[in-house]
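In: what shape does this take:
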Amino acid sequence: MEIRDVTVIGAGTMGSGIAQVCAQAGWKTTLFDAYPEGLEKGMNSIDSFWEKGILRGKTTPEQKAEWASNIHPNMDLVAAVKDADMVIEAVPEVLHIKAKIFQVLGEETKEDCILGTNTSSLSIADIAAASGRPDKVIGMHFFNPVPIMNLLELVKHDLCSEETIALAKSAGNSMGKTTILVKDVPGFATSRLGVILGNEAIRMLADGVASASDIDTAMKLGYKHPMGPLELSDLVGLDVRKDILNNLAESFSEDSYRPHPLLDELVKNGELGKKTNKGIYNWDNGTKSERDDLPFL
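Out: This is a model prediction of the structure:
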């Protein structure tokens, strides 16, 4: 099967980024969101990214016009998915929400449609079961910011077909991604390692070991990480990191995965990272600066 028509469900940071790279791959791309303000924000985010690319000389106005013509916003879920060759779900990390969506996808999409979920920690098998055709379901874990990050982590569960895996790999390559294939275990390969490093960095910050910027610099220069664990946590979203840690703690029955109290407090205060302009760092106008009030436990 050749992929020509793609639908992305959820117009948040990840969904809008996924829709952008799908449009850039030349596919007809439908971006669905149940909320008009969310859909508008997602479309504006894509447009802003392309405009910045033009200003930096990395994108031409002609490219932007071509890519923009491929994206179609939609608030009707059934209409959005009925002709899709591939659907990629990118809604919040809540199993019952994803399961409800996949039940609809199982009923309303074409029989040969590939169904991807962008979860970073939930069971692919549980999500796939809700669809009624689990052989067509695969984990497609993208990384933020999607248009820049080259990795796509594909997650196979026991009932996922080889054809589905092959098509997902091909789709990833068309989006300019390097794919890896991992088993359906809690946290997969990337989240399991990434959130542990981030949580320990938050613990070090709370213990006064070093400032946030110095902890990040240590990992960038000492271990050649392109971004420090605290800055990355802010970029991903502290609420997302907290959810993943709690899912891992429940899956493995180990308290060592529990979010540090400082992470809990930041999320409780609505300080979720770059998307709220404040997290471990201040993010005024997208510019990072050190906070002088952390830790505040």
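In: now do the helices in this protein.
Out: With helices called from DSSP state H, the chain shows them at 13-24, 36-55, 61-68, 77-81, 95-108, 124-131, 162-174, 190-206, 212-223, 229-236, 238-252, 261-268.
In: can I get those helices in JSON lines with mean pLDDT and distance to residue 180?
Out: Backbone N, C-alpha and C define where each C-beta goes, glycine included. Formatted as JSON lines, the helices of the chain follow (pLDDT from 0 to 100; distance: least, Cβ to Cβ, whole Å):
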{"stretch": "helix 13-24", "mean pLDDT": "97", "distance to residue 180": "17"}
{"stretch": "helix 36-55", "mean pLDDT": "97", "distance to residue 180": "25"}
{"stretch": "helix 61-68", "mean pLDDT": "98", "distance to residue 180": "26"}
{"stretch": "helix 77-81", "mean pLDDT": "98", "distance to residue 180": "27"}
{"stretch": "helix 95-108", "mean pLDDT": "97", "distance to residue 180": "22"}
{"stretch": "helix 124-131", "mean pLDDT": "98", "distance to residue 180": "15"}
{"stretch": "helix 162-174", "mean pLDDT": "98", "distance to residue 180": "10"}
{"stretch": "helix 190-206", "mean pLDDT": "95", "distance to residue 180": "8"}
{"stretch": "helix 212-223", "mean pLDDT": "97", "distance to residue 180": "20"}
{"stretch": "helix 229-236", "mean pLDDT": "94", "distance to residue 180": "18"}
{"stretch": "helix 238-252", "mean pLDDT": "90", "distance to residue 180": "18"}
{"stretch": "helix 261-268", "mean pLDDT": "97", "distance to residue 180": "27"}
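In: domains of the chain?
Out: With domains defined by automatic domain parsing, the chain comprises 5-183, 190-290.
In: okay, the helices of the chain in CSV with mean neighbour count and distance to residue 140 next?
Out: Formatted as CSV, the helices of the chain follow (neighbours: other Cβ atoms under 10 Å; distance: least, Cβ to Cβ, whole Å):
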stretch, mean neighbour count, distance to residue 140
helix 13-24, 26, 8
helix 36-55, 16, 18
helix 61-68, 13, 20
helix 77-81, 18, 16
helix 95-108, 17, 13
helix 124-131, 21, 10
helix 162-174, 17, 6
helix 190-206, 20, 13
helix 212-223, 16, 27
helix 229-236, 25, 17
helix 238-252, 21, 16
helix 261-268, 19, 26
